[in-house]
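Asks: let's see this in three dimensions:
(chains A and B)
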There are 2 protein chains.
Amino acid sequence: MGNCLVAQSGGPTSVINATIAGIIEANQLNPIYDHVYGGLNGIEGILAGKFVDLTNLTEFQIKVLKQTCSSALGSCRYKLKRDNAADFEKLFAILEQLNIDTMFYTGGNDSMDTVAALSQYAKEHNITKHRFVGCPKTVDNDLVITDHCPGFASAAKFLATVAKTTWLDVNVYTRQEVFILETMGRDAGWLAASTVVSGIVDVLILPEVEFNEEKVFEQVRKCLAEKNKCYIVCSEGAKYPDGTYLAAAEAKNDGFAHAVLGGAGQALKNLLIEKGVCERAKVQDMSTLQRCNIQCQSKVDVEESAKLGMSAHMHSADPTFTGKMVAVKRTEGRPYNPTFFTVDADQVANFVKNVPSEWILPDYKGMTKEFYDYVTPLIQGEPELIMDSTGIPMQLKPFYMK
Amino acid sequence: MGNCLVAQSGGPTSVINATIAGIIEANQLNPIYDHVYGGLNGIEGILAGKFVDLTNLTEFQIKVLKQTCSSALGSCRYKLKRDNAADFEKLFAILEQLNIDTMFYTGGNDSMDTVAALSQYAKEHNITKHRFVGCPKTVDNDLVITDHCPGFASAAKFLATVAKTTWLDVNVYTRQEVFILETMGRDAGWLAASTVVSGIVDVLILPEVEFNEEKVFEQVRKCLAEKNKCYIVCSEGAKYPDGTYLAAAEAKNDGFAHAVLGGAGQALKNLLIEKGVCERAKVQDMSTLQRCNIQCQSKVDVEESAKLGMSAHMHSADPTFTGKMVAVKRTEGRPYNPTFFTVDADQVANFVKNVPSEWILPDYKGMTKEFYDYVTPLIQGEPELIMDSTGIPMQLKPFYMK
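Replies: Residues are numbered from 1 along each chain as shown, chains lettered A, B, ... in the order given. Sure, this is the predicted structure:
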């Protein structure tokens, strides 16, 4: 019997570790692998020979792992390039050395590309011993084919809650208020759109809809005329008609030549004030917190993430199973009932799933009922959190820390 | 039998409504007032004759009110000036008209000054019919005499959790990372200090300790040399030795002449990069969210806030009780056991309670054990939240909205 290897890549989520927990748990229930190894810091750490043995985590550790946000195995932004033969050779040598049958890789677009590249390499070199399975995760929810990605729902639930509570804060004074909540989502507006669940969003700016200054200003002015308040949600990926990011102006002003997005909210604030739409505005950029919040994990999301890991483990019992990603499908009707299926990783890699335009209301007014029906089943329930002795949610010490 | 009036002032907190709920509940248990009226938008709305009747809220409404963040009655920043006789006359006329025996006012420094001013005015004009009672609330925790202020603990719990989870996020990559978490606290560093509970803060910058660039840089450099990461918590009130706010530089750069604090984190980031301490840094400014988060309410805080309201109501049965604030005392030893006592509002108004210097470690290294012992009992427990049909915490519709 061989071993398996799990690793994580890309930006963390609140439930990414639940997938790992699911794989470990499944292997305890049905030990098709002798060892479940964790590769540290994704491909980068695996190439550097950094591993931990996760086979015998206790039930309690697994429970805490499920409520531990961010990548407990560490992550990387290292992209395995198809023309870098040395990396491939080294990686396969390491897999051979560790006697790895299956490597599970959690991540987004890039990670699915890695899964596709590795399985393709194996095929081309007639290697059948090592197989590669992708597990989707991304708060951005922008992977195609899968109904949604684990991690999205908890971020969505958090942002909807933040929208509701900050809106309550913004309204307490009688003075004019413009509030801008900035969310993640460079190419796809799923996260920004999710804030509509709060029922309070006045103006919603998604990457899918071009940012037309005059039209946005008009909505804000209307809103202020009506109630002296305007609550705006703006995706970091908001773009002008020519494709320039709204945040680009802000990045320039910033004085440092780093191509970091974020700042769309501040840019919008500056515009609104410069153009006299309002006198003051407040920006809340949720930044890192939206992808590692642990206070608003969706129970559906955590459980699904863990089940997806179990499903990946179970599928991998088939010795021909490689180059695949495990995806989520929802059966029609209520109650919400997800099922898991598999898809070729290269059908997912390097594509982006946008928010369907028919779900977006005109004039930045929010989302249709179809979107609510899509997102609300995903954000239901709260896992019971184990707290540590200080009174905050217990988090497992990352495996990459000694 | 007369009526009572409750109103809220200053910045909202996550548990400010629990105090109102406590007053309403106490009056249902022992109806010493015919009606519990809510004044909308503090003194500003009361002067404008805006009221709601809260007497008969249902048990369910009271429960949801306790988990509703921000000021459900609305707030104001209107300062009742002692030399504005017209305001005083108008206010007393309104109290007379509504047959108000006791007015309860929740707030911070300014609100306690209002309570003191109103009771003093009554005394000077031989008015014994109307009495004034203050209930402390502030996330800043900067009121004197009371052990702590309702609202602080929930914000502290939230920030400590945010520190822990964003730190987990920051560590997932192997590259160098500097993360700056900015917290509220213009004059007092209680909130920033509370993040140490997470156990991960490398550099802590409080308003109580002058911001010495070189010393801070040295700590950051040491930290980076040791582990390639540095997690900094910086209060918005961080000040240079000459008293200038760190955020002042940022406010200038911003191009708008608004005297809004916040931006200390960004200013620090700019400094660190300009001076070559690090190449990049990420700032997370918790801004509004820290005072209206509902995901991290501390059960101790919510219950205490409600009990404080009940205590205020009960004390007010005494027809000579006026010009007082209800304060919290903790009895020594474990388990944590708060008691309530009363203090003259003018002893609290216009003073600031700083973090004791003997609780602050040198070189921005954090806090002593005494501080942990102070804060941890306050952040224990999680109230069971009622969720709305969409899956996020139910929030009562603000009374100031029709």
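Asks: can you tell me how far residue A:372 is from chain B?
Replies: Remark: distance between residue A:372 and chain B (Cβ to the nearest Cβ, to the nearest Å) = 8 Å. From N, CA and C alone the C-beta is placed, and that goes for glycine too.
Asks: run through the strands of the stretch 51-200 of chain A in chain order.
Replies: For the stretch 51-200 of chain A, the strands defined by DSSP state E, counting those that start in this stretch occupy A:51-53, A:100-107, A:131-136, A:177-183.
Asks: what does the first one contact?
Replies: Just to be clear, that refers to strand A:51-53. Contact partners of strand A:51-53, identified using Cβ atoms under 8 Å, 6 or more residues apart in numbering or on different chains, comprise A:5, A:35-40, A:73, A:98, A:399.
Asks: cool, the third one as well?
Replies: Contacts made with strand A:131-136 from outside it, assessed by Cβ under 8 Å, 6+ apart, are listed as A:19, A:101-108, A:111-112, A:115, A:118-119, A:122, A:143, A:146, A:149-150, A:308-309, A:312, A:315-316, A:319, A:321-328, A:345, A:348.
Asks: ok, the residue lying closest to residue A:285 once chain neighbours are set aside - contacts?
Replies: With sequence-adjacent residues excluded and distances taken as Cβ to Cβ, 6 or more residues apart in numbering or on different chains, residue A:285 is closest to residue A:182, at 4.3 Å. Applying Cβ under 8 Å, 6+ apart to residue A:182 gives the contacts A:234-236, A:262-266, A:283-287.
Asks: pLDDT-wise, which helix or strand of chain A ranks last?
Replies: None of the helices or strands of chain A scores lower by mean pLDDT, DSSP states H and E than helix A:246-254, at a mean of 67.
Asks: find the closest residue to chain B in chain A.
Replies: Distances between chain A and chain B by Cβ to the nearest Cβ are smallest at residue A:295, namely 3.3 Å.
Asks: tally of neighbours for that residue?
Replies: When neighbours are counted by other Cβ atoms under 10 Å in any protein chain shown, residue A:295 registers 26.
Asks: for it, give me its contacts.
Replies: Contact analysis of residue A:295 by Cβ under 8 Å, 6+ apart lists A:158, A:393, B:158, B:161, B:293, B:295-296.
Asks: could you redo the last one with a cut-off of 6 Å?
Replies: By Cβ atoms under 6 Å, 6 or more residues apart in numbering or on different chains, residue A:295 lies in contact with B:295-296.
Asks: for the one 10 residues further on, same thing?
Replies: Residues touching residue A:305, when contacts are defined by Cβ under 6 Å, 6+ apart, comprise A:15, A:18-19, A:150.
Asks: now it: how far from residue A:199?
Replies: Per Cβ to Cβ, to the nearest Å, residue A:305 is found 27 Å from residue A:199.
Asks: about what we covered before: ranking the contacts of residue A:182 by neighbours, who comes first?
Replies: The most crowded member of the contacts of residue A:182, judged by other Cβ under 10 Å, is residue A:235 (33 neighbours).
Asks: out of the contacts of strand A:131-136, which are buried?
Replies: The neighbour-count test (16 or more other Cβ atoms under 10 Å in any protein chain shown) marks A:19, A:101-108, A:111-112, A:115, A:118-119, A:122, A:143, A:146, A:149-150, A:308-309, A:312, A:315-316, A:321-328, A:345, A:348 as buried among those.
Asks: let's see which of these end up in helices.
Replies: With DSSP state H as the criterion, helices contain A:19, A:111-112, A:115, A:118-119, A:122, A:308-309, A:312, A:315 from among these.
Asks: closest one of the residues you listed to residue B:387?
Replies: Within these, proximity to residue B:387 (Cβ to Cβ) peaks at residue A:308, which comes in at 24.2 Å.
Asks: report the contact partners of the closest one.
Replies: Contact analysis of residue A:308 by Cβ under 6 Å, 6+ apart lists A:19, A:135, A:150, A:326.
Asks: show me the two of these that sit farthest apart.
Replies: Across those (Cβ to Cβ), the longest gap, 10.0 Å, separates A:150 and A:326.
Asks: residue A:47 - how many residues pack around it?
Replies: Look at residue A:47: counted by other Cβ under 10 Å, it has 18 neighbours.
Asks: quick one: contacts of stretch A:351-369?
Replies: A:142, A:144, A:187-190, A:193, A:196, A:201, A:203-205, A:208, A:219, A:370-371.
Asks: ugh, typo on my part, it should be stretch A:3-10
Replies: Stretch A:3-10 is contacted by residues A:16, A:20, A:23, A:33-39, A:42, A:71, A:73, A:75-76, A:98-100, A:102-108, A:111 when judged by Cβ under 6 Å, 6+ apart.
Asks: what does stretch A:280-287 give?
Replies: Residues from elsewhere that reach stretch A:280-287 (Cβ under 6 Å, 6+ apart): A:166, A:178-183, A:265-266, A:269, A:272, B:284, B:287-288.
Asks: how about residue A:372, phi and psi?
Replies: phi -60, psi -40 (degrees, to the nearest 10).
Asks: how about the nearest residue to it, chain neighbours excluded?
Replies: residue A:197 (6.8 Å).
Asks: the one you found touches residue B:388, doesn't it?
Replies: No. If you go by Cβ atoms under 6 Å, residue A:197 and residue B:388 don't touch, sitting 9.5 Å apart.
Asks: more neighbours: which of those two?
Replies: Using other Cβ under 10 Å, the more surrounded residue of residue A:197 and residue B:388 is residue A:197, with 25 against 15.
Asks: hey, where'd the helices end up in the stretch 1-150 of chain A?
Replies: A:16-29, A:42-47, A:59-66, A:85-97, A:109-124 (DSSP state H, counting those that start in this stretch).
Asks: out of the ones you listed, nearest to residue B:339?
Replies: Nearest of the helices of the stretch 1-150 of chain A (Cβ to Cβ): helix A:59-66, 36.0 Å.
Asks: got the CA positions of that closest one in PDB?
Replies: Below are the C-alpha coordinates for helix A:59-66, written out as PDB (Å, rounded to 0.1, in the frame of the first residue of the first chain):
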ATOM      1  CA  GLU A  59     -10.500  13.300  16.600                       C
ATOM      2  CA  PHE A  60     -10.100  16.500  18.600                       C
ATOM      3  CA  GLN A  61      -7.300  17.800  16.400                       C
ATOM      4  CA  ILE A  62      -9.400  17.100  13.300                       C
ATOM      5  CA  LYS A  63     -12.300  19.000  14.900                       C
ATOM      6  CA  VAL A  64     -10.100  22.000  15.700                       C
ATOM      7  CA  LEU A  65      -8.500  21.800  12.200                       C
ATOM      8  CA  LYS A  66     -12.000  22.200  10.700                       C
END
